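**Student:** the following block contains a protein sequence and its predicted model.
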Amino acid sequence: MVSLEDVYHVAKLSKIEVNEDEARKFRDEFEKILEYFNLLDEAPESEPMYHVLELINVFREDSPKICLTQNEALMNTRHKEEGYFKGPKVME
Amino acid sequence: MEDVTIGLEVHVQLNKLKTKLFCSCPLNYHDSPPNTHVCPVCLGMPGAMPVLNKEAVKAAIKVAMALNAKIQQTVVFDRKNYFYPDLPKGFQISQYDRPLAFGGYVIVDVDGVEKRIDLKRIHIEEDPGKLYYKGSITVAKYSLIDYNRSGAPLLEIVTEPVMKSPKEARAFLNKLRILLEYLDVFDPELEGAMRVDANVSIAGGGRVEIKNISSFKGVEKALNYEIMRQRNLIKMGRKIERETRHFDEAQSITVSLRSKEEEQDYRYFPEPDLVPINVEELMKEVGKLPELPEEKKERLKAQYGISENYAKVLVLDPKMSDYFEIVAKSVNAKIAATWVVDVLRGELNYRGWNFLKCFEKFPPEEFSKLLNYFLEEKITEKGVVEVLRTKLDQGGKVEEIVEKKRLFAIPKSEILNFCKEVIEENPKAVQDYYSGKKQAINFLVGQVMKKTKGRADPEETAKILSDLLK
């Protein structure tokens, strides 16, 4: 069972605002999705799959490459100051 | 403090690597302007793909081996989802249910008593960026973000809640730091090299987590404060709530933070952009670990015949024992140990330096030369200390300093002449001496020292004087 509180909680974690109508809609949809997942209970037990590809050990050597300049790093944002990105203040 | 329980989460930056964990941005960002060591991967730009740094995994394996942990066959990265401005992707790549290693332990020495500190797990993750506030956090209207640190390789080492005092916690961190230095994966001098979260509870009360303590001393201070705070609450009959607190280093107090996410709120799931690691092949590449402190201590005792106490101090810093071993090549080992541990170490501490710096300021080969002057009785003990200080503070060559300061000890025959002079010039002191005031000889020794500008050996001088006055 999914409650409205669950929907608000998930919305908050995702930084999404939902009104009550939307929350009801999401609640119904979440329930359907979770119900669908119940099908998995019928699948035989097996090792969990951590990756869809059968690759392991893909590495890179520890040698530095040229990175972006400060101007390039900041060129896509208006929110910048003295070489920094400007972000929200986070009061904990 | 039997009722106190402490557990630590230690974040260690593998800062001796050349590049970040998932991209080839250079890791030497410490003195650089903001956002100059960044690329689409560590800025979290859409479509950018992480590729794992092999050496980072190898360094992590070394640490896990040195900490006696059980390294897992298959290791998987997960996404830890949360929003914070220092985390550009909206998630941190970390490890969840398939970390690098479980278990492990460290033996620490607390006031001469050995104690085993058990570990819970060790995992690899990426460092977030860094936030700054203009003025202070209370007056600033926004944060400034530098992503140079974003993606730096971190190791999180989690202990079991087994420590009973802040002192034990400090002993554990100290031992950990020494091990990391021996493994050559860690430079403790760099800012943010080691950050600690500490959990502390008093029997019957809730567990309090103190976040992000950024220095060794800070850990002990934060824990001492927190234990006192909790004890006071208990005295007043209040309940200790489970909460997260922040350590204010400047004021040495802890302050309450908003309640944190619960574990399920992070919605961990396997990172689809990285494939699993099978450690077997990497373990072969890592091979055997370098000599660790315990082994080194035993070897120093056996090889050089030095005492347990000197060996114990020497291995606290791998650079100090390396220094000693070079000096001991040309100087009697016991004498070398005494001078390195008792004198040189003190002079370095006084200047806030370590032995790595000493290698540069006063190379061990030159220190050997100085000690040999002393052993050949060319200079006095006092002279050694004077040259040592001059060398450390002003540089220069040992023999030139000795020459310039006229420190070469005076041969016995010359001291004899000075003694005769002094006896002639100070009839009163001589009279005193003969009339039973034996301390008058100290005055005469002082006069000889004055004439020789301290280059005469005082013991030798006293002996010559008392022979002359017989």
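**Tutor:** Received, thanks. Keep in mind the model is a prediction, meaning the values are calculated, not measured.
**Student:** ok, residue B:390 - how many residues close by?
**Tutor:** Neighbours of residue B:390 under the rule other CB atoms under 10 Å in any protein chain shown: 18. From N, CA and C alone the C-beta is placed, and that goes for glycine too.
**Student:** that one sits in which helix or strand?
**Tutor:** Element membership of residue B:390 [criterion: DSSP states H and E] is helix B:381-394.
**Student:** residues from the stretch 101-250 of chain B in reach of chain A?
**Tutor:** Within the stretch 101-250 of chain B, the positions lying close to chain A (CB under 8 Å from any CB of the partner chain) are B:131-133, B:137, B:140-147, B:246.
**Student:** biggest separation within those, which pair?
**Tutor:** Farthest-apart pair in these is B:147 and B:246; separation 22.6 Å (CB to CB).
**Student:** pretty sure residue B:193 sits against residue B:181.
**Tutor:** No: using CB atoms under 8 Å, residue B:193 makes no contact with residue B:181, being 10.7 Å away.
**Student:** quickly list what's touching both of the two.
**Tutor:** Between them, residue B:193 and residue B:181 share no contacting residue under CB atoms under 8 Å, 6 or more residues apart in numbering or on different chains.
**Student:** low pLDDT regions in chain A?
**Tutor:** Chain A contains residues with pLDDT under 70 at A:91-92.
**Student:** if you count residues, where's the longest helix of it?
**Tutor:** helix A:20-37 (DSSP state H).
**Student:** can that one be found next to chain B?
**Tutor:** No: on the criterion CB under 8 Å from any CB, helix A:20-37 is out of touch with chain B, staying 13.9 Å away.
**Student:** got the domain ranges for chain B?
**Tutor:** According to automatic domain parsing, chain B comprises the domains B:4-286, B:293-404, B:412-469.
**Student:** quick one: average confidence on the shortest one?
**Tutor:** Read that as domain B:412-469. Domain B:412-469 comes out with an average pLDDT of 86.
**Student:** just how off-centre is it within its chain?
**Tutor:** Relative to the chain's own centre, domain B:412-469 is displaced by 48 Å; criterion: CA atoms, centre = their mean, to the nearest Å.
**Student:** what about residue 61, how many neighbours?
**Tutor:** The chain I'm using is chain A. 10.
**Student:** actually, chain B is the one I wanted.
**Tutor:** Counted with other CB under 10 Å, residue B:61 comes out at 24.
**Student:** same check on residue A:50?
**Tutor:** Residues within reach of residue A:50, counting by other CB under 10 Å, total 19.
**Student:** how much space between it and chain B?
**Tutor:** Counting by CB to the nearest CB, to the nearest Å, the separation of residue A:50 from chain B is 5 Å.
**Student:** how about that residue, secondary structure?
**Tutor:** Secondary structure assignment for residue A:50 (DSSP: H, G, I helix; E, B strand; the rest coil): coil.
**Student:** so it touches residue B:95, yeah?
**Tutor:** No: Residue A:50 is not in contact with residue B:95 according to CB under 8 Å; the separation is 11.3 Å.
**Student:** find residues that contact each of those two.
**Tutor:** residue B:76.
**Student:** for residue B:458, which non-adjacent residue is closest in space?
**Tutor:** The spatially closest residue to residue B:458, leaving aside those adjacent along the chain, is residue B:445, at 5.7 Å (CB to CB, 6 or more residues apart in numbering or on different chains).
**Student:** was I right about the one you found contacting residue B:461?
**Tutor:** Yes: with contact defined as CB under 8 Å, residue B:445 counts as touching residue B:461 (5.0 Å).
**Student:** between the two, which has more neighbouring residues?
**Tutor:** Between residue B:445 and residue B:461, residue B:461 has the larger neighbour count (other CB under 10 Å), namely 25 against 22.
**Student:** more crowded one of residue B:147 and residue B:246?
**Tutor:** Set residue B:147 next to residue B:246 and count neighbours by other CB under 10 Å: residue B:147 wins out with 26 against 17.
**Student:** do you know the pLDDT at the spatially closest residue to the more buried one that is not a sequence neighbour?
**Tutor:** Excluding its sequence neighbours, the residue lying closest to residue B:147 (CB to CB, 6+ apart) is residue B:129, at 4.0 Å. On pLDDT, residue B:129 comes in at 96.
**Student:** and the gap between residue B:129 and residue B:39?
**Tutor:** Distance of residue B:129 to residue B:39, computed by CB to CB, to the nearest Å: 13 Å.
**Student:** what does residue A:29 give?
**Tutor:** In this view, residue A:29 and residue B:39 are 38 Å apart by CB to CB.
**Student:** what is the neighbour count of residue 80?
**Tutor:** Went with chain A since none was named. By the criterion of other CB under 10 Å, residue A:80 has 19 neighbours.
**Student:** chain B was what I was after
**Tutor:** As a burial measure, residue B:80 scores 21 neighbours (other CB under 10 Å).
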